[in-house]
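**Student:** Generate coordinates for the sequence data below:
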Amino acid sequence: MSSPDVQIGVVGAGSCTAGEYAAAEAIGRLIAEEKGIVCCGGLGGVMEAACRGAQSKGGLTVGIVPDTGDGNAYLDVVIRTGLGHARNVVVVQTADAVVAVGGALGTLSELAIALKLGRAVFGYRTHDLPGVVACETPEEAAVRALDAARRFRSNHSPRAVREQI
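**Tutor:** Numbering: from 1, shown residues only. Prediction:
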C-alpha cells in the first residue's frame, strides 16, 4: 500500500497583492505536482491562488470555509463550518505542514496555532516569528513543506502508528 498524500495548509490573506497571488499559485502547482493536497480557508486571495495552481496540475483542493458558502471557484471539497475565524484551528489541524504567503491577523493566528500544534511552518514574505522558517522563493517554501509533511505523516499516520506497536 502506498503512503497517503500529504496535506499542506496554505494560509494567507483573502485580499492579497498580485505578487502574493502569483507566489501562492506557484506553491499550489508544486504541491499538486508532488501529489500533495492543498488545504486552506477556502476564500479568495492567497487561498484561491493556491487552489487555482493546484487544480491547474490536477491536484486536489480542500477549503475549510468560515461560513456556509461555497468558497472560491477552485475548491474540490468544501467543508462548511459556520465557525468564523475559529475555523483557522481546523485548517491548521488538518495540515501536515503549513506554508504562509503574506497575510494579516488571520494568518498570524494560523501561524501561532500551527506552531503550538507542532506543525512545521514555512513562510514566504509573511510574519517574522520564531519557528516560522523564512523562505526566499515560493518554490523553496513548497518543497520544504512537502518534505516536512512527509516526515510528519510517516510518524503520525494510523498505519505508521500501528507499525510501531
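**Student:** In contact with residue 113, which residues?
**Tutor:** 88, 89, 92, 93 (C-beta atoms under 8 Å, 6 or more residues apart in numbering). C-beta coordinates here come from the backbone N, C-alpha and C atoms, glycine included.
**Student:** where's the closest residue to residue 101 other than its chain neighbours relative to residue 75, distance?
**Tutor:** Spatial nearest neighbour of residue 101, chain neighbours left out: residue 12 (4.1 Å); criterion: C-beta to C-beta, 6 or more residues apart in numbering. Residue 12 sits 16 Å away from residue 75, going by C-beta to C-beta, to the nearest Å.
**Student:** where do the strands sit along the protein?
**Tutor:** Assigned by DSSP state E, the strands in the chain fall at 7-12, 37-40, 60-65, 77-80, 97-101, 120-124, 132-134.
**Student:** Return the distance of the first one from the chain's centre.
**Tutor:** Read that as strand 7-12. 1 Å (C-alpha atoms, centre = their mean, to the nearest Å).
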